[in-house]
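J.: Got a predicted model here, sequence first, then my questions.
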Amino acid sequence: MHLRSLFRHFLRQAPWAGAKITNEPGIGMGRQIAIVLYVVAMAAVIVGVDFVFFRNRFWERLIVNIGIVLGFAAFYLRFLRQP
């Protein structure tokens, strides 16, 4: 068994793998790109808020960053998650 086919077999059996490997190109790519853009937007908001408001305040910045992540997670779970 070649290494590539062994890797594909492993991915098919993995419970954490969300999608099965298929020969059809582009299945699920739009959703993955949307999630990546969502995470990049969250990172941009966190960095922007850190630089503008909490440059030299560690604990306040940490609390606000956790709040931003929780806000983004709540929005994702409420509006963007597939049923």
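T.: All right, it came through fine. Numbers count the residues shown, from 1 in each chain.

J.: Burial check on residue 42, number of neighbours?
T.: Per other Cβ atoms under 10 Å, the neighbour tally for residue 42 reads 17. C-betas here are computed from N, CA, C, even on glycine.

J.: swap that for residue 31, sorry
T.: Neighbours around residue 31, by other Cβ under 10 Å: 13.

J.: Number the chain from 223, please
T.: Sure, I'll start numbering at 223, so the last one becomes residue 253.

J.: What are the buried residues along the helix or strand containing residue 268?
T.: In this assignment (DSSP states H and E), residue 268 forms part of helix 251-275. Judged by neighbour count (16 or more other Cβ atoms under 10 Å), helix 251-275 contains these buried residues: 264, 268, 272.

J.: before we move on, what about stretch 281-300?
T.: Under 16+ other Cβ under 10 Å, the buried positions of stretch 281-300 are 283, 286-287, 290, 294.

J.: and these as JSON lines, adding distance to residue 276, pLDDT and secondary structure?
T.: Below are those laid out as JSON lines (distance: Cβ to Cβ, whole Å; pLDDT from 0 to 100; DSSP: H, G, I helix; E, B strand; the rest coil):
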{"residue": "283", "distance to residue 276": "4", "pLDDT": "96", "secondary structure": "helix"}
{"residue": "286", "distance to residue 276": "6", "pLDDT": "96", "secondary structure": "helix"}
{"residue": "287", "distance to residue 276": "9", "pLDDT": "97", "secondary structure": "helix"}
{"residue": "290", "distance to residue 276": "11", "pLDDT": "97", "secondary structure": "helix"}
{"residue": "294", "distance to residue 276": "17", "pLDDT": "96", "secondary structure": "helix"}
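
J.: from those residues, which is closest to residue 302?
T.: Minimum distance to residue 302 across the buried residues of stretch 281-300 is 9.9 Å, recorded for residue 294 (Cβ to Cβ).

J.: ok, and the closest non-adjacent residue to that closest one?
T.: In space, and not counting its chain neighbours, residue 294 is closest to residue 264: 4.6 Å by Cβ to Cβ, 6 or more residues apart in numbering.
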